[in-house]
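> Sharing a sequence plus its predicted fold:
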Amino acid sequence: VDPAQRGELFCNDCSLETKADVAAGIVDEPLAPPATPLSLTAERYGVVHKVYVHTARDVVVSPSLQAAMVKATPVGREMTLDTGHAPFAKAPIALAKAIEQAVR
């Protein structure tokens, strides 16, 4: 992702200061891990409790793509935060509460 666009893309609903902070903290991800095939089993991965926190204002992973990802890997619980891609920056308390609810 173009470094000049990172703040606006990942924290589109944040203040200018927060956008700059988030952009400064983003590092390029290595390409090998997402391209490495995985072997998931029902006896291991299938028993892991899965929760998905949707981000309703996300412009990096659109709500429709989030829904498709959840459909491809069913989760036990879904929650939605009214934020962009970085709820930890825009709404950390709401995100913490969602995480707490996920383990109940």
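Sure, I can see it.
> Poorly predicted segments of this protein, please.
Counting by pLDDT under 70, the chain contains no low-confidence segment.
> residues contacting the residue most central in space within it?
Note on the chain: the residue nearest the mean C-alpha position is residue 85, at 5.9 Å, using Cα atoms, centre = their mean. Counting by Cβ atoms under 8 Å, 6 or more residues apart in numbering, residue 85 makes contact with 9-12, 55, 58-61. Any C-beta I mention is one placed from the backbone N, CA and C, and that applies to glycine too.
> Now a ChimeraX select for only the buried ones of those.
Here is the ChimeraX command that picks out the buried ones among the contacts of residue 85, judged by 16 or more other Cβ atoms under 10 Å:
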select :9,10,11,12,55,58
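> Counting neighbours, what do you get for the closest residue to residue 6 other than its chain neighbours?
Of all residues beyond its chain neighbours, the one nearest residue 6 is residue 23 (4.0 Å), with distances taken as Cβ to Cβ, 6 or more residues apart in numbering. Using other Cβ atoms under 10 Å, residue 23 has 18 neighbouring residues.
> next one: residue 53
Around residue 53 there are 19 other residues, counting by other Cβ under 10 Å.
> oh, and call the first residue 2 from now on, that's how I've got it
Okay, residue one is now 2; in that scheme the one you just asked about reads as residue 54.
> which residues touch the strand or helix carrying it?
Residue 54 belongs to strand 52-56 when assigned by DSSP states H and E. Counting by Cβ under 8 Å, 6+ apart, the neighbours of strand 52-56 from elsewhere in the structure are 62, 64, 67-68, 70-71, 76-82, 84-86, 88, 96, 99-100, 103.
> if we go to 10 Å?
Residues from elsewhere that reach strand 52-56, judged by Cβ atoms under 10 Å, 6 or more residues apart in numbering: 14, 62-64, 67-68, 70-71, 74-88, 91-92, 95-96, 99-100, 102-104.
> and if you look at stretch 69-78?
With contacts defined as Cβ under 10 Å, 6+ apart, stretch 69-78 is touched by 41, 46-47, 49-55, 62-63, 79, 99, 102-105.
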